[in-house]
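A.B. asks: what's the 3D shape of this:
(one chain, ligands or ions: 1)
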Amino acid sequence: MDRKDLLGIKDLSKEEILEVLDTAKEMKKILNGEKYSQILKGKTVVTIFFEPSTRTRLSFEMAAKYLGAHYGNIEVATSSVAKGESLIDTIRTVEMMKADVIIPRHNMSGAPHLMAKYTDASIINAGDGINEHPTQALLDMMTIREKKESFEGLKVAIIGDIMHSRVARSNIWGLKKMGAEVRVAGPSTLMPPQIEKMGVKTYYNVEEAIKDADVVMGLRIQLERQKSGLFPSIDEYREYFGINKERMKLAKADAILMHPGPINRNIEVTSEAANAEYSAIEEQVTNGVAVRMALLKILCERRN
Ligand code: CP
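C.D. replies: Numbers count the residues shown, from 1 in each chain. As a prediction, this is how the structure comes out:
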């Protein structure tokens with residue numbers, strides 16, 4: 001992978017995705033072992049999150065520290081952003097402190113792309129609006145590859161708020177490139193118009209979408225991005241689109257259940273299903289650290 005930045009899965013080739021997944025497999029050995037190496041010795045990694053996060057921000061911090069980098073985080077609420085400093089001035093300020101990699105999450109689609117134009121530091125998109133969440137899709141693909149080995153012909157059903165989900169978009173780009181069949185299901189009001197142009201099959205009935213699937217992926221209902229009235233009530237969402245043990249029985253016998261987190265338990269996925277033996281949700285979290293270690297390694301080696 002010969003890129004300054006990682007802004008989205010849409011731009012990546014199949015070979016680049018495989019390089020990240022292969023490197024992440026190597027990084028997982030460090031993660032499961034000493035949790036220390038000097039691969040990023042002398043490098044500086046900075047996170048700046050304009051939206052809340054537990055997994056993504058902390059896993060980037062862990063990834064940087066496990067590989068021996070310096071690490072800093074900008075708390076947006078107590079930073080000069082709160083005094084009106086612009087995105088571009090903020091990113092230039094961080095670069096002038098010798099940051100090598102800057103990792104933003106922003107509510108505006110395209111914000112990391114703008115930042116990347118104004119800095120020589122490498123930008124890794126940690127989620128931009130409803131556009132992309134590339135590191136989530138890479139950790140999801142790593143988890144699927146560990147369980148299923150090959151993507152070719154796999155049936156992946158993505159269920160929920162497709163309209164507002166950057167996780168869904170990045171996974172669709174990635175899984176299609178890798179040869180999987182992607183199905184999307186959700187209320188018609190949460191389905192983007194012309195989503196079929198991304199090469200997916202659309203379902204409005206969750207049972208039909210899950211039938212014979214190898215992977216069932218729930219999504220968080222993104223209430224913070226929704227206008228009111230997109231579905232009648234949480235109870236109706238749960239009844240018609242919630243993933244539960246009964247619905248999982250429709251998938252293949254060796255199907256896995258995934259969710260990017262955080263889960264609204266007993267709405268998107270029942271606790272019983274989330275805690276079942278076929279759930280890969282906690283393994284996704286661990287693989288998130290491995291994938292982020294891999295990306296930091298690959299981008300910093302290019303900088304060398
Ligand atoms: N999946 C995900 O992005 O989780 P966080 O919002 O906790 O980072």
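A.B. asks: correct me, but Asn244 touches Thr270?
C.D. replies: Yes. Under the criterion of CB atoms under 8 Å, Asn244 makes contact with Thr270 at 4.4 Å. Just so you know, the C-beta spots here come from the backbone N, C-alpha and C atoms, and that holds for glycine as well.
A.B. asks: those two: who's more crowded?
C.D. replies: Taking neighbours as other CB atoms under 10 Å, Asn244 and Thr270 compare with Thr270 leading, 20 against 17.
A.B. asks: quick one: buried residues of stretch 243-262?
C.D. replies: If you call a residue buried by 16 or more other CB atoms under 10 Å, then stretch 243-262 has these buried ones: 243-244, 247-248, 250-251, 255-261.
A.B. asks: any chance of those in JSON lines, with distance to Val182 too?
C.D. replies: JSON lines is the format used below for those (distance: CB to CB, whole Å):
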{"residue": "Ile243", "distance to Val182": "16"}
{"residue": "Asn244", "distance to Val182": "22"}
{"residue": "Arg247", "distance to Val182": "18"}
{"residue": "Met248", "distance to Val182": "18"}
{"residue": "Leu250", "distance to Val182": "17"}
{"residue": "Ala251", "distance to Val182": "15"}
{"residue": "Ala255", "distance to Val182": "15"}
{"residue": "Ile256", "distance to Val182": "15"}
{"residue": "Leu257", "distance to Val182": "16"}
{"residue": "Met258", "distance to Val182": "13"}
{"residue": "His259", "distance to Val182": "16"}
{"residue": "Pro260", "distance to Val182": "15"}
{"residue": "Gly261", "distance to Val182": "20"}
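A.B. asks: ok, now how distant is the residue of the stretch 201-304 of the chain found nearest the ligand from Asp2?
C.D. replies: In the stretch 201-304 of the chain, the residue that lies nearest the ligand is Pro260 (3.8 Å; CB to the nearest ligand atom). The gap separating Pro260 from Asp2 is 28 Å, by CB to CB, to the nearest Å.
A.B. asks: just Tyr118 next, same as before
C.D. replies: 21 Å.
A.B. asks: more crowded one of those two?
C.D. replies: Under the criterion of other CB under 10 Å, the comparison of Tyr118 against Asp2 puts Tyr118 first, with 16 against 6.
A.B. asks: low-confidence bits of the stretch 151-300 of the chain, can you list those?
C.D. replies: Residues of the stretch 151-300 of the chain meeting the criterion pLDDT under 70: 228.
A.B. asks: strands of that one, start to end?
C.D. replies: For the stretch 151-300 of the chain, the strands defined by DSSP state E, counting those that start in this stretch cover 155-159, 181-185, 201-203, 215-218, 256-258.
A.B. asks: was I right to think Ile88 contacts Ala111?
C.D. replies: No. The pair Ile88 / Ala111 is not scored as a contact, 10.5 Å apart, by CB under 8 Å.
A.B. asks: and those two? Which one has more around it.
C.D. replies: Between Ile88 and Ala111, Ala111 has the larger neighbour count (other CB under 10 Å), namely 21 against 13.
A.B. asks: and that one, how close does it get to the ligand?
C.D. replies: Ala111 is 16 Å from the ligand, where distance means CB to the nearest ligand atom, to the nearest Å.
A.B. asks: leaving out the residues flanking it, which one is nearest to Met142?
C.D. replies: Asn287 (4.6 Å; CB to CB, 6 or more residues apart in numbering).
A.B. asks: tell me the contacts of the one you found?
C.D. replies: Contact analysis of Asn287 by CB atoms under 8 Å, 6 or more residues apart in numbering lists 24, 28, 139, 142-143, 146.
A.B. asks: buried set for stretch 230-241?
C.D. replies: Result for stretch 230-241 [16+ other CB under 10 Å]: buried residues 230-231, 237-238, 240-241.
A.B. asks: returning to that earlier point: could you say which of the strands of the stretch 151-300 of the chain is packed most deeply?
C.D. replies: Of these, the one with the most neighbours on average (mean count of other CB atoms under 10 Å) is strand 215-218, at a mean of 27.
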